[in-house]
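**Student:** turn this into a model:
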Amino acid sequence: MKKSSFSCALFSGMIALFAISCATTSWVSEPEKKYPSDKYIVAVGSGSSKSSAESNAKLAICQQLGERLSGTQHTVSSVDSKGKNYGSIDIDISEQAIFSHIHGISIKETSSEARTHTYHALAVLNKNDEINYYSSRIASSDREISNLISSAQKLKGDIASLPTIKKAVELAQDNEYNIQILSAIRASGRSLVSYGSLNDVIQKAYELAQAVTVCVEFEGDDAYDIQQSFIAVLKERGMNVVSSKDAQYILSGTSSIAPTEVVGQTLYVFVRYNVNAVLKSATGTVVKNFEITGREGHLSISQAKTRALAVIKDSIEF
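**Tutor:** Just a heads-up that it's a prediction; the model follows:
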């Protein structure tokens, strides 16, 4: 009697193991049977541990979406009404950027093979859920971007418009990933935005920056070089540098770059730089103060000055 019970138990256990084996083989080799491709994006990952198998399965989903995007990188450039190309921006559709934006991947199945010490995991992305999720994110970003553009345009000519439109550009660039991912899941995405495209937002940012006119005036040692550093930064931000009679803002300041004493023995010589400047509106309202001081060294005075000028330029923020 005991022998018969043992045999039945052993037989039942073998059936259970066979059933588990068949089920595992089924979803590992043919996951689309349970999760059809018209409703889901699926991927199987394997590894030496359960966590590594799950990570590899999720990574495989991300790679599937990444492969569906058009290219890994493209450049958006803007052209004004006269046909002049004024700048470009790289949109990096790298795997890392895509992965950080992908949402909703879940692990539905896991199994292990004792003989090979291998784990398997099935990752699933529900297409309908993600269409709703990304559509909602795109619509939310669209409203915020449109409001920022409207607010910035009301301030046209005012330097305060620039951080507002800059935020709109950053949000539009971030929204580009949402649009790309949604387009990878279904054949639409860009049609959901009212602001047009990232390129359109960049164009608006350029126009607003060009409407800000600034005159730059410096006095003191190396005033010309420091003045040119400020002018270069203003132009990099897209603003218009003009004469004082045409300027909405006046940036004036004093500067010095002079050799300084060195304590102890060293091959380097040093210069100390001091820049004090103020940005005012045409009506005299102070907009921003600049106080940039420090010390730089090199093998010669001229080289030390060159380094000081580079640091000064890097310290200028608008």
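**Student:** contact partners for the residue lying closest to residue 47 once chain neighbours are set aside?
**Tutor:** Leaving aside its chain neighbours, residue 47 sits nearest to residue 53 (4.0 Å; criterion: CB to CB, 6 or more residues apart in numbering). In this view, the C-beta of every residue, glycine as well, is placed from N, C-alpha and C. Residue 53 makes contact with 45, 46, 47, 110, 118, 119, 120, 121, according to CB atoms under 8 Å, 6 or more residues apart in numbering.
**Student:** nearest to residue 235, of those residues?
**Tutor:** Nearest to residue 235 among the contacts of residue 53 is residue 45, at 50.0 Å by CB to CB.
**Student:** count of neighbours near the closest one?
**Tutor:** By other CB atoms under 10 Å, the residues close to residue 45 number 21.
**Student:** so what sits opposite it in the bridge?
**Tutor:** residue 121 (DSSP bridges).
**Student:** so who does residue 316 touch?
**Tutor:** 229, 230, 233, 290, 292.
**Student:** one more time with 6 Å, if that's ok
**Tutor:** Neighbouring residues of residue 316 by CB atoms under 6 Å, 6 or more residues apart in numbering: residue 233.
**Student:** now swap in residue 167 and tell me
**Tutor:** With contact taken as CB under 6 Å, 6+ apart, residue 167 is in contact with residue 148.
**Student:** then the one 10 residues further on?
**Tutor:** The contact partners of residue 177, taken as CB under 6 Å, 6+ apart, are residue 101.
**Student:** quote the end-to-end distance of stretch 237-252.
**Tutor:** Its start and end residues considered, stretch 237-252 measures 18 Å (CA to CA, to the nearest Å).
**Student:** tell me which residues in it are buried?
**Tutor:** Across stretch 237-252, burial judged by 16 or more other CB atoms under 10 Å covers 237, 238, 239, 241, 247, 248, 249, 250, 251, 252.
**Student:** distance of the closest residue to the second one other than its chain neighbours relative to residue 159?
**Tutor:** Leaving aside its chain neighbours, residue 238 sits nearest to residue 209 (2.9 Å; criterion: CB to CB, 6+ apart). As for residue 209, its distance to residue 159 is 9 Å (criterion: CB to CB, to the nearest Å).
**Student:** same deal with residue 48?
**Tutor:** Distance, residue 48 to residue 159, by CB to CB: 58 Å.
**Student:** who has more neighbours, these two?
**Tutor:** Shown here are residue 48 and residue 159; by other CB under 10 Å, residue 159 has more neighbours (22 against 11).
**Student:** ok, residues contacting stretch 100-115?
**Tutor:** With CB under 6 Å, 6+ apart, stretch 100-115 has contacts from 24, 27, 50, 54, 58, 61-62, 119-125, 129-130, 133, 177.
**Student:** now do the buried residues in it.
**Tutor:** In terms of neighbour count (16+ other CB under 10 Å), stretch 100-115 has its buried residues at 101, 102, 105, 107, 109, 110, 111.
**Student:** show me which of those residues is closest to residue 40.
**Tutor:** Proximity of those to residue 40 was ranked by CB to CB; the top entry is residue 105 with 10.8 Å.
**Student:** so for the spatially most central residue of the chain, what's the pLDDT?
**Tutor:** When CA atoms, centre = their mean is applied to the chain, the residue found nearest the centroid is residue 174 (6.3 Å). pLDDT for residue 174: 91.
**Student:** tell me, how many residues neighbour the residue lying closest to it once chain neighbours are set aside?
**Tutor:** Leaving aside its sequence neighbours, residue 174 sits nearest to residue 141 (CB to CB, 6+ apart; 7.2 Å). A count of neighbours around residue 141, defined by other CB under 10 Å, yields 21.
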